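Colleague: Build me a model:
(one chain, ligands or ions: 2)
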Amino acid sequence: MARLLITGGAGFIGSHTCVVLLDAGHDLTVLDDFSNSAPVALQRVAELAGVQLRSGSGSGRLQLIEGDIRDDGALNQLFATASAKGEPLSGVIHFAGLKAVGESVQDPLRYWDVNVNGTRALLAAMESHGCHTLVFSSSATLYGSPNQVPIPESAPVQPINPYGHTKAAVERMLHDLSAAAPDHWRIACLRYFNPVGAHPSGRIGEAPNGIPNNLFPYLCQVAVQRRPELSVFGGDWPTPDGTCIRDYIHVMDLADGHRAALETLVSEPPQVLTLNLGSGQGASVLEVIHAFEEASGRTIPFTISERRPGDAAVTVADPTAAWQRLSWRTQRSLAEICRDGWIWQQGNPEGYDLDAEAA
Ligand code: NAD
Ligand code: UFG
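Modeller: Residues are numbered from 1 along each chain as shown. Ligands and ions are numbered 1, 2, ... in the order given. Take a look at the predicted model:
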């Protein structure tokens, strides 16, 4: 099996995808600067997949290189070293990036630098080393406030924050690159909806730094009494119970979607695939709270507060194209999302930070 480069592989979605790819027989090199993760996540990935984690120039099924995607020299060396060892990198799954909407408004240049300039550096290294297969982490955020729900991939790209603009810019860059060399590039832009949950073992999961921005990790932290209560942002939205509706996707389903996208890319002629990865099912904030209470047996204290600026009332994927093109669709329910998220949070109430394991 080919060796793949996984940028940002120690992060939330990357770590779960590494487990799925190792189980599928791929050898992996993870490049991560640990700006929003820790090496311990990869140790646990190794443990779950039954492989050894090797750092630096070592080889093996799961290799870790600490570095920044913006570092052209390090990228070139990484590709060159892999080729020299007879294990050329045949494809890249590109998770590395910054993802906090509010932070992107405060510090847009950093977002453009890491997300767009970082991806440009990665693509240049790929091109010069003859690696033309890429799965890119795009986002439903680029639909902004959608005019139609469920949202098809043909819906207008109209981001409403700098983070969304960086994702749209990278998609544009990928189309331009493919247009320049259509016989070479095999690219999948995967537009994730709301990834949540954890590996069912509870060994890896989402461990945000500081106060979580997103509903699910916040809810998990309220459940373990790290935070006193949840604020529900708005109870007067035009939805049946007045709270916003989202398409929550189990992170293991999302990980399976990456494997399916990669397999499709390598088995078909060069192309750019742009696909929503979502369940097609919407759940309101109150429905998520109640499902979590059911799964955990805990009561979640909450109050309804002001609407959060920039939120849309309803975003739900039309997942038809992913089913048609990848034969992939979500398998796991909201109840399973809550069950697995709760197992993770109970076993790791402070995230990875307080782990005794050495990096
Ligand atoms: P995450 O922050 O957990 O993972 C990102 C990883 O990239 C981290 O391990 C971080 O340390 C690493 N990283 C950041 N900047 C880097 C750099 N310059 N060089 C090398 N590594 C770097 O985030 P995630 O939730 O796993 O998201 C992965 C990708 O999916 C991101 O591109 C994100 O924008 C996208 N995405 C996430 C969501 C979501 O809700 N989680 C939704 C849509 C899209
Ligand atoms: N919410 C609350 N209280 C909170 C946090 C969130 O009520 O403490 C509500 C929000 O108002 C929203 C819903 O829960 O209605 C979901 O909010 P999240 O912040 O969890 O997720 P978003 O839909 O805003 O955005 C997420 C990621 C984006 C990604 C998008 C894709 O943050 O990066 O999903 O749809 F692009």
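
Colleague: ok, V232 - contacts?
Modeller: Contacts were defined as CB atoms under 8 Å, 6 or more residues apart in numbering; by that measure V232 touches 243, 285-286, 289, 302-305. C-beta here means a position set from N, CA and C on the backbone, and glycine is covered the same way.

Colleague: Neighbours of G73, how many?
Modeller: By the criterion of other CB atoms under 10 Å, G73 has 10 neighbours.

Colleague: isn't there a helix covering it?
Modeller: Yes: assessed by DSSP: H, G, I helix; E, B strand; the rest coil, G73 belongs to a helix.

Colleague: Around I211, how many other residues sit close by?
Modeller: 9.

Colleague: in what helix or strand does it lie?
Modeller: Element membership for I211, per DSSP states H and E: none, as it lies in no helix or strand.

Colleague: and if you look at the one 10 residues further on?
Modeller: Assessed by DSSP H and E, Q221 sits inside helix 215-223.

Colleague: Show me the contact partners of that helix.
Modeller: Contacts for helix 215-223 (CB under 8 Å, 6+ apart): 194, 196-197, 206, 208, 211-212, 227-230, 246, 248, 285, 288-289, 292, 296, 298, 300-302, 337, 341-342, 344-345.

Colleague: Look up phi and psi at G341.
Modeller: Backbone dihedrals for G341, given as degrees, to the nearest 10, come out at phi -60, psi -40.

Colleague: in terms of contact, does it touch V196 like I think?
Modeller: Yes: counting by CB atoms under 8 Å, G341 touches V196, with 6.4 Å between them.

Colleague: Mind listing the shared neighbours of the two?
Modeller: Common contacts of G341 and V196, defined by CB under 8 Å, 6+ apart, comprise 206, 216.

Colleague: one step back: quick check: which of the contacts of V232 are also close to ligand 2?
Modeller: When contact is defined as CB under 6 Å from any ligand atom, the contacts of V232 meet ligand 2 at V285.

Colleague: which of the contacts of V232 are buried?
Modeller: Burial by neighbour count, 16 or more other CB atoms under 10 Å: within the contacts of V232 this picks out 243, 285-286, 289, 302.

Colleague: Among those, pick out the one closest to ligand 1, please.
Modeller: V285 (15.4 Å; CB to the nearest ligand atom).

Colleague: can you pull the contacts of that closest one?
Modeller: For V285, the contact set (CB under 8 Å, 6+ apart) comprises 215, 232-233, 243-244.

Colleague: mind putting these in CSV, distance to ligand 1 included?
Modeller: Formatted as CSV, the contacts of V285 follow (distance: CB to the nearest ligand atom, whole Å):
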residue, distance to ligand 1
L215, 10
V232, 19
F233, 16
T243, 18
C244, 15
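
Colleague: Would you mind giving those as TSV with secondary structure added?
Modeller: TSV is the format used below for the contacts of V285 (three-state DSSP):
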residue	secondary structure
L215	helix
V232	strand
F233	strand
T243	coil
C244	coil
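
Colleague: Show the backbone phi and psi for the residue nearest to F79 when sequence neighbours are not counted.
Modeller: In space, and not counting its chain neighbours, F79 is closest to H129: 3.8 Å by CB to CB, 6 or more residues apart in numbering. The phi and psi values for H129, taken as degrees, to the nearest 10, are phi -110, psi 10.
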